[in-house]
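Enquirer: I'll drop the sequence and a predicted model, then ask my questions.
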Amino acid sequence: MDQLIKRLRDERTLPEEDLRILLSAEDDASLEALCLQARQVREQYYGLKVYIRGLIELTNICKNDCYYCGIRRSNRDVVRYRLSHEQVLECCAHGYGLGFRTFVLQGGEDPYWTSDRLVTLIQEIRQSYSDCAITLSIGEWKRVDYETFYAAGANRFLLRHETFDPEHYAVLHPREMSAEHRQHCLRQLKEIGFQTGTGIMVGSPEQTIDHLIRDIRFIEELKPQMIGLGPFLPHKQTPFAGKPAGSLQLTLRLLAILRLMHPEALIPSTTALATLHPEGRLHGILAGCNVVMPNLSPLEQRKKYELYNDKAALGAEAAEGLSLLADQLASIGYELSYERGDSLR
């Protein structure tokens, strides 16, 4: 096993049969060996810095009906909200004062937030905070819209492909959505010039090791600047309410593998990890992650953006908890960085 891990670090790839061995292993020793190598690589490229991004959740209204998502169109019990243009700017002003130099605008695919409204918002943020990066995580659009967002001043775009395999994608999504279109959007974002991020849910219903290997190969092909993945977590008002959560160990194993394959990538330790395990965020950092995204959204709205049950939204997960987050990172030898933190890729 140690030889496989060393080869992965040296060559940044492995044949399918060797990836299968690493992904299928369940022993603590091989996981710790993977994480150790991943930490060494991320420290070689990024030092001990963990970059912060301020997460602003625009809206929990969504036209899509993804089977795993708590804000899916069919969920009649969710309390819907939508931030106004002015509220988003207030979040940015608050975050800038706290030291954030990246804002992540995330939301459901809400028809209210048209291309024109988003462009106006992006332009105002860009004019007010010229030294900041603007990241969008707002789903699938036409190429012309992506180009318009980029021209308005957005720098980065997050669009997790969720699963590369078309049949598995159909297990998770309604018929009008497709894996092929999702991947097409990602390739367009790269062509336009966005720092592009993709990723998956680990342990989603009916996912297999073969699916994960195909996901790894797609990420190899795409060469994204950002890789975001976290465990699948069920939501009580979705078709997958009774499904088990993804494994912490497998999520950490995959994070470490992807760090070794993509040393220059920005990889967040996600809120889903922090929700799955009390120290999940720290475990992610120790598996090679180098980004965290505390929540800048208005306090009264944070719990309403619940993609899965019992989402962590307070303490070190909140913008107001930066000192606690800094202390937690320091306890494992890392430091919070207020820089923009662009990808080295």
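Expert: Happy to help now that I have it.

Enquirer: Okay, strands next: where are they in this protein?
Expert: Listed in chain order, the strands of the chain (DSSP state E) span 49-52, 54-57, 102-106, 133-137, 156-158, 195-198, 201-202, 226-227, 230-231, 291-292, 335-337.

Enquirer: Just checking, which helix or strand of this protein averages the lowest pLDDT?
Expert: helix 299-302 (a mean of 90; mean pLDDT, DSSP states H and E).

Enquirer: just checking, what packs against that helix?
Expert: Judged by 3 or more Cβ pairs under 8 Å, 6 or more residues apart in numbering; DSSP states H and E, helix 299-302 has no packing partners among the helices and strands. Any C-beta I mention is one placed from the backbone N, CA and C, and that applies to glycine too.

Enquirer: Compute the distance from the centre of that helix to the centre of its chain.
Expert: 20 Å (Cα atoms, centre = their mean, to the nearest Å).

Enquirer: Flag every buried residue along it.
Expert: Going by neighbour count (16 or more other Cβ atoms under 10 Å), the buried part of helix 299-302 is 301-302.

Enquirer: Over to stretch 239-249?
Expert: So, applying 16+ other Cβ under 10 Å, buried residues of stretch 239-249: 239-240, 243, 245-249.

Enquirer: Can you tell me which of the residues you listed is nearest residue 292?
Expert: Distance to residue 292 across the buried residues of stretch 239-249 (Cβ to Cβ) is lowest for residue 248, with 17.1 Å.

Enquirer: list the contacts for that closest one?
Expert: Listed by Cβ atoms under 8 Å, 6 or more residues apart in numbering, the contact set of residue 248 reads 231, 273, 276-277, 280, 283.

Enquirer: Tell me the one of these nearest residue 103?
Expert: Nearest to residue 103 among the contacts of residue 248, with distances taken as Cβ to Cβ, is residue 273, at 21.7 Å.

Enquirer: Now do the closest one against residue 72, distance only.
Expert: Residue 273 sits 22 Å away from residue 72, going by Cβ to Cβ, to the nearest Å.

Enquirer: Which one of the two is surrounded by more residues?
Expert: Neighbours per residue (other Cβ atoms under 10 Å) separate residue 273 from residue 72, with residue 273 holding more: 29 against 21.

Enquirer: nearest spatial neighbour of that one, skipping sequence neighbours?
Expert: Distances taken as Cβ to Cβ, 6 or more residues apart in numbering put residue 280 closest to residue 273, at 3.5 Å, once the chain neighbours are dropped.

Enquirer: Any idea how many residues pack against that neighbour?
Expert: A total of 21 residues lie near residue 280 under the criterion other Cβ under 10 Å.

Enquirer: Likewise for the one 4 residues further on?
Expert: Taking other Cβ under 10 Å as the criterion, the count of residues near residue 284 is 29.

Enquirer: does it really touch residue 254, like I thought?
Expert: No - checked against Cβ atoms under 8 Å, the pair residue 284 and residue 254 is beyond contact range at 10.9 Å.

Enquirer: Helices of the chain, start to end?
Expert: Here the chain has its helices, by DSSP state H, at 2-11, 16-24, 28-46, 85-98, 115-128, 143-152, 166-172, 179-192, 209-222, 248-261, 271-276, 280-286, 299-302, 322-331.
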